[in-house]
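Q: how would this look folded up:
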Amino acid sequence: MDKLYVVSVVTPQMKLTVVEEDPADNRVLECAVLGGGSFIISSNKHLLRMKKYKAIVILKPTTFLTLIRLK
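A: So this is what the prediction gives:
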């Protein structure tokens with residue numbers, strides 16, 4: 001199976017304060033918003049608790065792999 005990698009390097013110009021329990025997690029949201037992401041794949045409990053930010057779905061890695069049928 002061929003692998004396809006899609007990567008965008010972004011430097012957020014905005015500062016979000018959505019995750020109060022761990023402010024560093026906001027950087028992940030900032031990058032996802034600026035990069036036009038559809039998903040955040042993470043094991044981070046604060047992000048996973050959100051389930052979604054705007055139109056960005058937040059999933060565990062295993063859930064994402066199941067979704068794209070690789071697991």
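Q: what sits up against stretch 43-53?
A: The contact list for stretch 43-53, computed with C-beta atoms under 8 Å, 6 or more residues apart in numbering, reads 18-19, 21-22, 25, 28-29, 32-33, 40, 42, 57-61. The C-beta positions use only the backbone N, C-alpha and C, and glycine is treated the same way.
Q: mind checking the end-to-end distance for that stretch?
A: Start-to-end span of stretch 43-53 (C-alpha to C-alpha, to the nearest Å) is 16 Å.
Q: swap in stretch 39-55?
A: Using C-alpha to C-alpha, the end-to-end distance of stretch 39-55 comes out at 9 Å.
Q: So for that stretch, what gets flagged as buried?
A: The neighbour-count check on stretch 39-55 (16 or more other C-beta atoms under 10 Å) flags 40, 42, 44, 46-47, 50, 53 as buried.
Q: For those residues, work out which two are farthest apart.
A: Asn44 and Tyr53 (12.4 Å; C-beta to C-beta).
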